[in-house]
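Q: from the sequence below, what's the structure:
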Amino acid sequence: MIARTTGAAIRGILVALMVLTPALYLPVSSTNGTEIVVFLAILAFFLTFAEYNSAFPSFIEFRDAPPVNRLRFVGLVSMIMFLTLICKNAYAPTALTEVFYTIGVGVANVVDFPYSPVRLIVLMLPVDASIPLTELVRISASVAYVAALATIGSFAYAVKLRGWPTGNGAFNVWTNLPLFDPTKGGDVVTRLQRDGRLNISIGVLLPFLIPALIKLLTDYANPISLTNPQTLIWTMSAWAFLPASMIMRGMATLRIANLIVEKRRAYSTTESTQTA
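A: Model prediction:
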């Protein structure tokens, strides 16, 4: 119990620090903005602590099937740290921020090509957006997108080459998929495969659809202002991280479905051998 409580507290602190990172390094537009960020950090701490300290799952999936959530956290932290240092270079440049900005420019030159998600993000900006803002958005979107691809690739490596989740012992569906009801109609394998393919499909399409939808909605509502560096960081991180998280979930559920099929096949073979 002590180990579980300590682990939950450490996870909560890390998540809270992640939420606070942009506010600690970048200027805040108002006092209310600081209070909101602190409140969100405290809320993130308590939600994470309560989830991992409880013996019963509630909403966080794959909490006992590392490294899914660890890769998600590392990927999101990497996005936020990179984007924070890149944005800080525009306000208070240092040798460190210039290095990250240069890396970001190199990544943007590779990822930003016609019809890419990054190019759609740039086209989403208003026509009167300044050149420095456009360049900062282009670099931030490129870095976030590459970080998301690296996170997906790391999980694919864990699944294909490391045999996730078999290396972590028995996989408990109730603990790791608390929102999935295996008794709710239809074959479990069919439902897992359908959910997995749907998550992967949506995750692949979202980086393209989100900029297009925002561009369409600007005719009916005020667009999101990316001039605030913290808004830019969280917007780009959400745009890249949410699809990556959905793709990882799809890969995980497909993997679980394949394991169930293999167990059924092995059980059927054993039954046939015993009968013979």
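Q: which of the residues in the helix or strand where residue 5 lies are buried?
A: Assigned by DSSP states H and E, residue 5 belongs to helix 2-25. Residues 8, 11, 12, 15, 16, 18, 19, 20, 21, 22, 23, 25 are the ones in helix 2-25 that count as buried (16 or more other Cβ atoms under 10 Å). No exception for glycine: its C-beta is placed from N, CA and C like everyone else's.
Q: same deal with stretch 104-113?
A: 104, 107, 108, 111, 112.
Q: count of neighbours near the closest residue to residue 224 other than its chain neighbours?
A: Leaving aside its sequence neighbours, residue 224 sits nearest to residue 235 (Cβ to Cβ, 6 or more residues apart in numbering; 6.2 Å). Residue 235 is flanked by 22 other residues according to other Cβ atoms under 10 Å.
Q: next one: the one 4 residues further on
A: Counted with other Cβ under 10 Å, residues neighbouring residue 239 total 23.
Q: tell me the contacts of it?
A: Neighbour list for residue 239: 121, 141, 144, 207, 210, 211 [criterion: Cβ atoms under 8 Å, 6 or more residues apart in numbering].
Q: let me have those in a markdown table, extended by pLDDT.
A: Formatted as a markdown table, the contacts of residue 239 follow (pLDDT from 0 to 100):
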| residue | pLDDT |
| --- | --- |
| 121 | 92 |
| 141 | 95 |
| 144 | 96 |
| 207 | 94 |
| 210 | 90 |
| 211 | 89 |
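Q: any idea which of those is closest to residue 75?
A: Closest to residue 75 out of the contacts of residue 239 is residue 144 (9.7 Å), distances taken as Cβ to Cβ.
Q: the closest one and residue 226, how far apart?
A: For residue 144, the distance to residue 226 (Cβ to Cβ, to the nearest Å) stands at 13 Å.
Q: got it, and residue 131?
A: Noted for residue 131: a distance of 14 Å to residue 226, by Cβ to Cβ.
Q: more crowded one of the two?
A: Higher neighbour count among residue 131 and residue 226: residue 226, with 21 against 7, using other Cβ under 10 Å.
Q: report the secondary structure state of that one.
A: What DSSP: H, G, I helix; E, B strand; the rest coil gives for residue 226 is coil.
Q: which strands or helices does the helix or strand of the chain with the lowest mean pLDDT pack on?
A: Least confident element among the helices and strands of the chain, by mean pLDDT, DSSP states H and E: helix 173-176 (a mean of 80). Using 3 or more Cβ pairs under 8 Å, 6 or more residues apart in numbering; DSSP states H and E as the contact criterion, no secondary-structure element is in contact with helix 173-176.
Q: identify all contacting residues around it.
A: 57, 61, 62, 63, 64, 65, 180, 182, 256.
Q: what's the neighbour count on the second one?
A: Residues lying near residue 61 (other Cβ under 10 Å) number 18.
Q: not counting sequence-adjacent ones, nearest residue to it?
A: Nearest non-adjacent residue to residue 61, counting by Cβ to Cβ, 6+ apart: residue 177, 5.8 Å away.
Q: in a markdown table: the contacts of helix 173-176, plus distance to residue 89.
A: Listed next are the contacts of helix 173-176 as a markdown table, based on distance: Cβ to Cβ, whole Å:
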| residue | distance to residue 89 |
| --- | --- |
| 57 | 41 |
| 61 | 36 |
| 62 | 36 |
| 63 | 36 |
| 64 | 40 |
| 65 | 38 |
| 180 | 44 |
| 182 | 50 |
| 256 | 43 |
